[in-house]
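> After the sequence you'll find the predicted model.
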Amino acid sequence: METNNEYRFLKACRGETTDVTPIWFMRQAGRYMKAYRDLKEKHTFLEMCHTPELAAEVTLQPLDVLGVDAAIIFADILLPLEPMGTGLEFAVGDGPVIPRPVKTEKDIDNLRPVNAKEQMGFVGDAIKIVRSEINGKIPLIGFAGAPFTLCSYMIEGGKSKEFKDTKMMMLERPDLWEKLMDKVCAVLIDYLKMQVDAGAQALQLFDSWVGCLSPYDYERLILPYTKRVIEGAQETGVPVINFSTGTSPMLNLVKQAGGDVISFDWRINLDDAWKTLGHDQPIQGNLDPSALMAPIPVIKERVFDIMQRAEGRPGHIFNLGHGIFQFTPVDHVKAVVDMVHEYRNA
Ligand code: CP3
């Protein structure tokens, strides 16, 4: 059994040299796997999240099939919205729906504080089951949404293209935005700490949509709060991955928000991003998830390009720039794991 210190994923999070480059995938559990679709016939998505045995089962599904170097607990960034009081539903094919979105000061005042241990203990219980099942083979990652991405759903009431109401609250009512951020940051820090108490060995903060902002607004209205959550989470002592997409023009600011690892998408070459961040900064990325749909030789060319740009430096965790798509062939995902593990620098 590997000890915490020997896992190649955790070593890379600390910028240490590893035998081969560690790799895992965002959304490595989910609809592209038949085992997941079979379980989904019998349970709704939220049922699976709320039932620790099912969430643990889904977390484990891809591990042996793919041979990845980390597991990520099966849950959703939107789960804290339930105890906060906005409601949360997943309409078939439509993605998340928040029935009582937060639009006014009164809505913000009505948001309830959350005791993660008491109200979201099902996530902690799932983490405990997974830890005992993987029996030290690979580490387990916990996660939460970052303040901007979480609040974009909370305010818009679902997925959004323009983020109009979210941006309007930020720009017109910075006082309300601050009030909302204070509440949300407190919930997120408590939720992340609960996951580490339950056994999570690393944490990832998902800021999937923050790339829609200007660097000016990111710096003033988001960075301080993302930083607060990351620093709160780092008090646990486990590494924190700061993930975002569309942020390559402002990676210097993303770095200021902090995190032991910075995860970026495919819109920038890995070597350019690493140069901007500094080579002492551990990084994660950055294959375009679309590439996984292409024929194997096409995938290989892109995987090798990323590996070449990393130049075998310590502190690179291979991942996609965003989650696996629904219709991705499982054997392509597995092939990428092997390509990365078998890669040798010339
Ligand atoms: O990575 C993993 O394997 C862990 C599980 C995980 C899920 N969601 C499961 C899920 C993680 C880390 C998330 C994070 C998440 N959830 C994010 C941030 C990452 C990203 O993808 O940008 C966001 C924005 C959400 C919110 C969310 N949850 C959306 C927009 C959707 C619908 C997406 C879709 O493709 O329909 C979900 C549902 C969801 N979360 C599914 C899964 C496996 C699909 C549910 C299903 O229909 O089976």
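Great, that's in hand.
> ok and the residue in the stretch 151-300 of the chain nearest the ligand?
Ser208 (3.1 Å; C-beta to the nearest ligand atom). (Glycine included, C-beta is placed from N, CA and C.)
> got a list of what that residue touches?
By C-beta atoms under 8 Å, 6 or more residues apart in numbering, the contact list for Ser208 reads 145, 149, 243-245, 322.
> for this protein, which spans come out with low pLDDT?
Across the chain, the ranges flagged by pLDDT under 70 are 1-5, 346.
> who in it is up against the ligand?
26-31, 40, 45, 72, 74, 76-78, 95-96, 143, 149, 159, 206, 208, 323 (C-beta under 6 Å from any ligand atom).
> Give me the contact list for stretch 244-253.
Under C-beta under 8 Å, 6+ apart, the answer for stretch 244-253 is 146, 207-212, 215, 218-219, 223, 254, 262-265, 267-268, 273, 276-277, 321-322.
> Can you show me the strands along the protein?
Counting by DSSP state E, one finds strands in the chain at the ranges 71-72, 89-91, 95-97, 140-145, 202-207, 240-244, 261-263, 283-287, 316-320.
> and the gap between Ala56 and Ile134?
Distance, Ala56 to Ile134, by C-beta to C-beta, to the nearest Å: 10 Å.
> Who has more neighbours out of those two?
Ala56 (22 against 18; other C-beta atoms under 10 Å).
> Can you give me every residue that contacts the spatially closest residue to that one that is not a sequence neighbour?
Spatial nearest neighbour of Ala56, chain neighbours left out: Ile129 (3.8 Å); criterion: C-beta to C-beta, 6 or more residues apart in numbering. By C-beta under 8 Å, 6+ apart, the residues touching Ile129 are 52-53, 56.
> Which ones among these lie within helices?
52-53, 56 (DSSP state H).
> Give me the most central residue, the chain.
Phe206 (4.0 Å; C-alpha atoms, centre = their mean).
> who's in contact with it?
Phe206 touches 77, 143-146, 149, 243, counting by C-beta under 8 Å, 6+ apart.
> And these, which is closest to the ligand?
Closest to the ligand, out of all of these and judged by C-beta to the nearest ligand atom, is Ile77, at 4.2 Å.
> longest helix of this protein?
helix 174-198.
> Go through that one and flag the buried ones.
Buried residues in helix 174-198, defined by neighbour count with 16 or more other C-beta atoms under 10 Å: 176-177, 180-181, 183-185, 187-196, 198.
> Specify the angle between it and strand 202-207 in degrees.
160 degrees (axes from the mean of the first three to the mean of the last three C-alpha atoms, to 10 degrees).
> helices and strands around helix 174-198, which ones?
helix 105-110, helix 116-119, helix 121-134, strand 140-145, helix 147-156, helix 164-172, strand 202-207, helix 223-234 (3 or more C-beta pairs under 8 Å, 6 or more residues apart in numbering; DSSP states H and E).
> How far away from the center of its chain is the second one?
When you say that, I think you mean helix 116-119. 21 Å (C-alpha atoms, centre = their mean, to the nearest Å).
> quick one: contacts of it?
80, 83, 123-124, 187, 190-191, 193-194, 197.
> buried sites along it?
Quick answer for helix 116-119 (16+ other C-beta under 10 Å): 116, 119.
> Stretch 299-309 now?
Here stretch 299-309 shows 299, 302-303, 306-307, 309 as buried, counting by 16+ other C-beta under 10 Å.
> Convert the C-alpha atoms of that stretch to PDB, please.
Below are the C-alpha coordinates for stretch 299-309, written out as PDB (Å, rounded to 0.1, in the frame of the first residue of the first chain):
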ATOM      1  CA  ILE A 299      -5.500  11.900 -29.900                       C
ATOM      2  CA  LYS A 300      -1.900  10.700 -29.600                       C
ATOM      3  CA  GLU A 301      -0.500  13.600 -31.500                       C
ATOM      4  CA  ARG A 302      -2.200  16.100 -29.100                       C
ATOM      5  CA  VAL A 303      -1.300  14.100 -26.000                       C
ATOM      6  CA  PHE A 304       2.400  14.000 -27.100                       C
ATOM      7  CA  ASP A 305       2.300  17.700 -27.900                       C
ATOM      8  CA  ILE A 306       1.300  18.500 -24.300                       C
ATOM      9  CA  MET A 307       3.900  16.000 -22.900                       C
ATOM     10  CA  GLN A 308       6.600  17.600 -25.000                       C
ATOM     11  CA  ARG A 309       5.700  21.100 -23.800                       C
END
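> most neighbours, which of the contacts of Ser208?
For the contacts of Ser208, neighbours tallied by other C-beta under 10 Å; top is Ser244, 30 neighbours.
> what bridges to that residue?
Asp207 (DSSP bridges).
> What is the neighbour count of the closest residue to Thr17 other than its chain neighbours?
Distances taken as C-beta to C-beta, 6+ apart place Pro314 nearest to Thr17, at 4.4 Å, with adjacent residues excluded. Neighbour count for Pro314, taken as other C-beta under 10 Å: 16.
> do the same with Val102
There are 29 residues near Val102, going by other C-beta under 10 Å.
> can you give me phi and psi for it?
With angles defined as degrees, to the nearest 10, Val102 sits at phi -90, psi 110.
> you'd agree it is up against Ile108?
Yes. Under the criterion of C-beta atoms under 8 Å, Val102 makes contact with Ile108 at 6.0 Å.
> list residues touching both of these two?
Leu180.
> And stretch 235-246, end to end?
28 Å (C-alpha to C-alpha, to the nearest Å).
> which of the residues in that stretch are buried?
236, 238-246.
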